[in-house]
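Chemist: take this sequence and fold it.
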Amino acid sequence: MNENQTFYEKQSFRQWWIWGLLIFVLAYSIYNSCDNHEYFSALELICSIAVPILIMILFFVIKLETKIDSLGIRVRLFPFHFQFKYFPWKNIQKAYIREYSPILEYGGWGLRFGMFGKGKAYNISGNLGLQIVFKDQKKLLIGTQKSMEMKKFLIDNKILEKN
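Modeler: Numbers count the residues shown, from 1 in each chain. Predicted coordinates for the structure are as follows:
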């Protein structure tokens with residue numbers, strides 16, 4: 001592999017249905033707070049509006065970054081990881097692109113822990129990802145929106161076998 005070649009992908013939560021749901025919850029909280037203000041304390045009113053706004057801010061700043069190069073794979077789910085998690089090629093038994101079911105296999109999107117030996121997943125949206133199987137048989141799935149570009153990069157740099 002050429003030392004300076006790197007695959008990089010940055011993903012964010014930008015699905016319309018997530019934002020629609022968050023806006024609905026915020027609107028409902030504001031409506032409910034205004035409609036029932038005589039039953040709530042000032043602190044309860046502030047919290048009922050602040051919590052949905054903080055959740056919206058969290059969804060806005062979450063970013064999944066993936067870097068692949070000759071040394072290995074780096075992944076970061078900001079703001080949960082401030083630094084990249086590094087997985088060197090020498091610890092990886094195999095890596096391949098696969099289709100998966102985010103809800104059935106991992107219970108949704110984000111930083112997830114699969115059941116029945118599925119391992120961990122970092123995903124933001126979609127149903128395609130880089131499946132990594134480590135030499136100790138642990139598994140990690142990194143979601144991608146650029147599966148074709150990632151696969152081409154891995155094949156061109158002789159990380160994946162062409163099939």
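Chemist: domain map for the chain?
Modeler: What automatic domain parsing lists as the domains of the chain is 12-61, 66-156.
Chemist: does Ile132 have beta-bridge partners, and which?
Modeler: Applying DSSP bridges to Ile132 yields these beta-bridge partners: Ala95, Leu140.
Chemist: any idea how far Lys85 is from it?
Modeler: When distance is defined by CB to CB, to the nearest Å, Ile132 is 11 Å away from Lys85. Every residue, glycine included, has its C-beta placed from N, CA and C.
Chemist: and the two? Which one has more around it.
Modeler: With other CB atoms under 10 Å as the criterion, Ile132 and Lys85 differ in neighbour count, and Ile132 comes out ahead with 22 against 14.
Chemist: which residues touch the more buried one?
Modeler: Residues counted as contacts of Ile132 (CB atoms under 8 Å, 6 or more residues apart in numbering) are Ile73, Phe87, Ile92, Lys94, Ala95, Lys139, Leu140, Leu141, Ile142.
Chemist: swap in 7 Å and give it another go.
Modeler: Ile132 makes contact with Ile73, Phe87, Ile92, Ala95, Lys139, Leu140, according to CB atoms under 7 Å, 6 or more residues apart in numbering.
Chemist: coming back round to it: go through the domains of the chain and pick out the most buried.
Modeler: Per-residue neighbour counts averaged over each of those give the maximum for domain 66-156, namely a mean of 16 (mean count of other CB atoms under 10 Å).
Chemist: so how far does that one reach from one end to the other?
Modeler: Terminal residues of domain 66-156 are spaced 18 Å apart (CA to CA, to the nearest Å).
Chemist: which helices and strands sit right next to the lowest-mean-pLDDT helix or strand in the chain?
Modeler: One helix or strand of the chain scores below all others by mean pLDDT, DSSP states H and E: helix 16-35, with a mean of 75. The elements that helix 16-35 packs onto, with contact taken as 3 or more CB pairs under 7 Å, 6 or more residues apart in numbering; DSSP states H and E, are helix 42-61.
Chemist: mind checking the pLDDT average for the helix it packs on?
Modeler: The pLDDT scores in helix 42-61 average 80.
Chemist: the nearest residue to Leu22 once chain neighbours are set aside and Ala27, how far apart?
Modeler: Using CB to CB, 6 or more residues apart in numbering and skipping the chain neighbours, the partner closest in space to Leu22 is Met56 (5.0 Å). From Met56 over to Ala27 the distance is 12 Å, taken as CB to CB.
Chemist: before we move on, what about Ser147?
Modeler: With distances taken as CB to CB, Ser147 is found 36 Å from Ala27.
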